[in-house]
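> Need a 3D model of the sequence below.
(chains A and B)
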Protein chains: 2
Amino acid sequence: MPMDRIRLARLRDRIMSPEAAAELFRDGMTVGMSGFTRVGDCKVVFFALAERAANEPLQITLMTGASLGSDIDKVLTDANVISRRIPFQSDPTLRRKINAGEVMFIDQHLSETVEQLRSGQLAPVDIAVVEATAITENGGIVPTTSVGNSASFAVLAKKIIVEINLTMPAGLEGLHDIYIPTYRPHRLPIPLIAPEQRIGLPFIPVDPEKIVAIVVTQKADSPSNVLPPDDETRAIAGHLNEFLGHEVTAGRLSASLQPLQAGIGTIANAVLHGMLDSPFRDLKMYSEVLQDSTVELLDEGRLSLRRPRRSPSARYFASACWAISRNTSRVSCCVRRKSATTPK
Amino acid sequence: MPMDRIRLARLRDRIMSPEAAAELFRDGMTVGMSGFTRVGDCKVVFFALAERAANEPLQITLMTGASLGSDIDKVLTDANVISRRIPFQSDPTLRRKINAGEVMFIDQHLSETVEQLRSGQLAPVDIAVVEATAITENGGIVPTTSVGNSASFAVLAKKIIVEINLTMPAGLEGLHDIYIPTYRPHRLPIPLIAPEQRIGLPFIPVDPEKIVAIVVTQKADSPSNVLPPDDETRAIAGHLNEFLGHEVTAGRLSASLQPLQAGIGTIANAVLHGMLDSPFRDLKMYSEVLQDSTVELLDEGRLSLRRPRRSPSARYFASACWAISRNTSRVSCCVRRKSATTPK
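This is a model prediction of the structure:
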């Protein structure tokens, strides 16, 4: 265990086993967990919780950023641990229980969950469980490959359990830009008007005394399997490139287009992949997920990383992508979410 | 004709008859007209255009802010003047022609029209026709009882026809807050975070040389007939007051609630009317329309008009509401539209 993973020294005596951390849960608690589209979720604490529940029935309300990987939803469902689930999930076992009426589920716009927590419409988070690359000198939590709702869960929770994942490269530190909006009725606009801006902190700011347990793991993410482009998705990409090229010719767009906002999945990945063969340059992009094609566009210099010497944003992002692309063959990590907290 | 209605003196020789102004239209033109939910529309120029079209077939693409009053859509439809209509209409005669495929129609989010004009996705506006209370010393156009898309139509059009409506009280000047967003890709957030803010001008800023005709009219608005509250709508208002009162008791809202955003029609009017019997005070409100109940809430001091001596906003608004409520028995005038140009 490298000590630079927990730089606030007095927290090191809170390192414990997953089984000991699982003892902190009580029946009926509301739990907020990191994790978004199969990456950056907490693994070992919840497996230990499922084992505990085999002997001692216990149910929780489970909130996440989005879907989880590593069969966590399945394992918790089989152990009958989940009574309520929000705002999204994609596990077939859990889906069956939801459709049978055995688990209460809200399939919610991902940005609404935290708004409802902040306003007291949802019961408060008892325990936040957040996977981390490191804990800073001040007790700030550096997330791993996703953010989603993790920051707000940690800020709002009474207690926090941190899973330090040693398989996550230390270079991830500096990638994240954690911005906590002001609370209503004093909410101000999120001051973000360009993808390359940084408006927040590279860690989740929390009172370190709320961190009641630290669990160390080496269990890797189980990211999505994105299919490579085929004739059909290549054709879609071709149509889009043709359309955008026409707009450039007509003078309505420059060769840098306008900032892209990419979705998730095989088609979105293939469409962005197709931009490798386009005449477009210095592209900018908003995305709630970063897929393989994004890293390819960065490698090829299509996506803009302007002012690489001076901009901390570009430096952070380039080094983090380097770290990610050497760490996983399939990349799927949360980057900038535009208007992350404003429901439509 | 009081001269203070056209304060830029050199424009006074552009006063002409509706028939002369109607001669400025050419077949195939795109025309942007003021008008939103039956108020502030241009009346006499389009009646003259319909008469002209009886002898000389002529068709236009007609854009507005929303639906029109005074049977304008019906008269133009009967005269076969409309080939395309965007973004909204509510006239049964025109609806039949649209459904028969004789008029092309896009039923569009009201804020998308101008965005598409700005980006060149829609053909440019040849002539904007805007009803006005007055023209300022600098040639700025002071709208009457609606704004909607009028400001952008006038700013973007090649030529402008102004209908000065003498039935509109001069006190309307100062009510409007005209803000033209920066154009993409350099768009900045609309800097509005509270209903009482003023961020723009009390007139539409245009090059006065674009004003090619001024027509004077005394034809009044034909506003909507909003039904008074009945047992059913009173019950709806009661449920809402009870719910909001519960939130105040639970400490999640103050007695001023949070800023209201009211819709349009009989139910919205009845619900706001019901707030006269509520314990709520110092309310604030966003609305794309102002109905009778809003004026009642202002009269009763329920809606906040803070700092009446110092805030030009409050002074303008109070005097304008005074002018409106003495001018029409049924009030329906456009006030602050929140995020007016941001489609969902």
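
> Can you get me a residue count around the residue lying closest to A:Asp221 once chain neighbours are set aside?
Spatial nearest neighbour of A:Asp221, chain neighbours left out: A:Val39 (4.6 Å); criterion: CB to CB, 6 or more residues apart in numbering or on different chains. Quick note: C-beta positions are derived from backbone N, CA and C, even for glycine. By other CB atoms under 10 Å in any protein chain shown, the residues close to A:Val39 number 32.

> One more: A:Tyr183?
Neighbours of A:Tyr183 using other CB under 10 Å come to 9.

> Got phi/psi on it?
Phi and psi for A:Tyr183, reported as degrees, to the nearest 10, are phi -80, psi 150.

> Quick check: it vs B:Tyr286, distance?
According to CB to CB, to the nearest Å, A:Tyr183 and B:Tyr286 sit 20 Å apart.

> try A:Tyr286
27 Å.

> Surely the residue nearest to A:Asp221 and A:Ser67 touch.
No - between A:Val39 and A:Ser67 there is no contact under CB atoms under 8 Å: 9.9 Å.

> Flag every residue of the stretch 151-300 of chain A that's near chain B.
A:Arg184, A:Pro185, A:Leu188, A:Pro189, A:Ile193, A:Ala250, A:Arg252, A:Gln258, A:Pro259 (CB under 8 Å from any CB of the partner chain).

> Any idea which helix or strand in chain A has the lowest mean pLDDT?
helix A:312-327 (a mean of 46; mean pLDDT, DSSP states H and E).

> A:Val45: neighbour count?
29.

> That one against A:Asn165, yeah?
No - in this structure, A:Val45 is not within contact of A:Asn165 by CB under 8 Å, at 11.5 Å.

> Need phi/psi at the nearest residue to A:Met104 once chain neighbours are set aside.
For A:Met104, ignoring the flanking residues on the chain, the nearest one in space by CB to CB, 6+ apart is A:Arg84 at 4.5 Å. Per-residue torsions, A:Arg84: phi -140, psi 150 (degrees, to the nearest 10).

> For A:Arg84, give its distance to chain B.
Applying CB to the nearest CB, to the nearest Å, the value for A:Arg84 to chain B is 21 Å.

> centroid residue for chain A?
A:Ser146 (2.2 Å; CA atoms, centre = their mean).

> Quick check: that residue is in a helix.
No - counting by DSSP: H, G, I helix; E, B strand; the rest coil, A:Ser146 is not found in a helix; it is coil.

> my guess is it meets A:Met33, correct?
No - using CB under 8 Å, A:Ser146 is not in contact with A:Met33, being 10.6 Å away.

> could you give me the average pLDDT of stretch A:47-57?
Averaged across stretch A:47-57, pLDDT comes to 96.

> Need the residues that contact it.
A:17-19, A:21-23, A:25, A:27, A:58, A:72, A:75-76, A:78-81 (CB atoms under 8 Å, 6 or more residues apart in numbering or on different chains).

> same thing but at 7 Å, please
A:Pro18, A:Glu19, A:Ala21, A:Ala22, A:Phe25, A:Leu58, A:Val75, A:Leu76, A:Ala79, A:Asn80, A:Val81 (CB atoms under 7 Å, 6 or more residues apart in numbering or on different chains).

> Show me what the host helix or strand of A:Thr133 is in contact with.
Element membership for A:Thr133 (DSSP states H and E) is strand A:127-135. Residues outside strand A:127-135 that contact it (CB under 7 Å, 6+ apart) are A:4-8, A:11, A:24-25, A:29, A:31-34, A:40-42, A:45, A:141-144, A:150, A:153-154, A:157, A:159-165, A:168, A:170, A:172-173.

> okay, how far is it across stretch A:27-40, tip to tip?
25 Å (CA to CA, to the nearest Å).

> Which residue, neighbours along the chain excluded, lies closest to whatever residue of the stretch 1-150 of chain A ends up closest to chain B?
Distances from the stretch 1-150 of chain A to chain B, computed as CB to the nearest CB, single out A:Gly120 as the nearest residue at 5.0 Å. Of all residues not flanking A:Gly120 in the chain, B:Arg252 sits nearest, at 5.0 Å (CB to CB, 6+ apart).

> swap in A:Lys97?
A:Val103 (4.6 Å).

> residue contacts, that neighbour?
Applying CB under 7 Å, 6+ apart, the residues contacting A:Val103 are A:Ile82, A:Ser83, A:Arg84, A:Arg85, A:Leu94, A:Lys97.

> Tell me if A:Leu297 really is in a helix.
Yes - counting by three-state DSSP, A:Leu297 falls inside a helix.

> what about the stretch 1-150 of chain A, any weak spots by pLDDT?
A:1 (pLDDT under 70).

> repeat that with 90
Along the stretch 1-150 of chain A, the parts satisfying pLDDT under 90 run over A:1-4, A:37-38, A:119-121.

> residues in it within reach of chain B, list them.
For the stretch 1-150 of chain A, the residues in contact with chain B (CB under 7 Å from any CB of the partner chain) are A:Ser119, A:Gly120.

> Please enumerate the strands of the stretch 1-150 of chain A.
Applying DSSP state E, counting those that start in this stretch to the stretch 1-150 of chain A gives strands spanning A:30-33, A:60-63, A:82-86, A:104-105, A:127-135, A:141-143.

> hmm, who's touching the fourth one?
To tie it back to what came earlier, the one meant is strand A:104-105. Counting by CB under 7 Å, 6+ apart, A:Ser83, A:Arg84, A:Arg85, A:Ile98 sit against strand A:104-105.

> go with 10 Å
Contacting residues not belonging to strand A:104-105 are listed as A:61, A:82-89, A:94-95, A:97-99 [CB atoms under 10 Å, 6 or more residues apart in numbering or on different chains].

> Sheet-wise, list the partners of it with their directions.
strand A:82-86 (parallel) (DSSP bridges).

> So what touches the strand it pairs with?
Contacts for strand A:82-86 (CB under 10 Å, 6+ apart): A:27-28, A:30-32, A:53, A:58-64, A:73, A:76-77, A:89, A:91, A:94, A:97-98, A:102-108, A:112-113, A:116-117, A:122-123, A:149.

> which among these end up buried?
By neighbour count, with 16 or more other CB atoms under 10 Å in any protein chain shown, the contacts of strand A:82-86 hold A:30-32, A:53, A:58-64, A:73, A:76-77, A:89, A:91, A:94, A:97-98, A:103, A:105, A:112-113, A:116-117, A:122, A:149 as buried.

> how about A:Gly148, what does it touch?
A:32-37, A:39-41, A:64-66, A:87-88, A:110-111, A:113-114, A:288, A:334, A:337, A:340.

> Can you tell me the element A:Glu232 falls in?
Applying DSSP H and E, one finds A:Glu232 within helix A:231-249.

> Using CSV, write out every CA atom in that helix.
Extracted in CSV, the C-alpha atoms of helix A:231-249 (Å, rounded to 0.1, in the frame of the first residue of the first chain):
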residue,chain,number,x,y,z
ASP,A,231,-20.4,-1.6,-42.4
GLU,A,232,-23.6,-0.2,-40.9
THR,A,233,-22.1,2.0,-38.3
ARG,A,234,-19.4,3.1,-40.7
ALA,A,235,-22.2,4.2,-43.1
ILE,A,236,-23.8,6.2,-40.3
ALA,A,237,-20.5,7.9,-39.6
GLY,A,238,-20.1,8.6,-43.3
HIS,A,239,-23.5,10.2,-43.5
LEU,A,240,-22.8,12.4,-40.5
ASN,A,241,-19.4,13.4,-41.9
GLU,A,242,-21.0,14.2,-45.2
PHE,A,243,-23.7,16.3,-43.6
LEU,A,244,-21.2,18.2,-41.4
GLY,A,245,-18.8,18.7,-44.4
HIS,A,246,-21.8,20.2,-46.4
GLU,A,247,-22.4,22.7,-43.5
VAL,A,248,-18.7,23.6,-43.6
THR,A,249,-18.8,24.2,-47.4
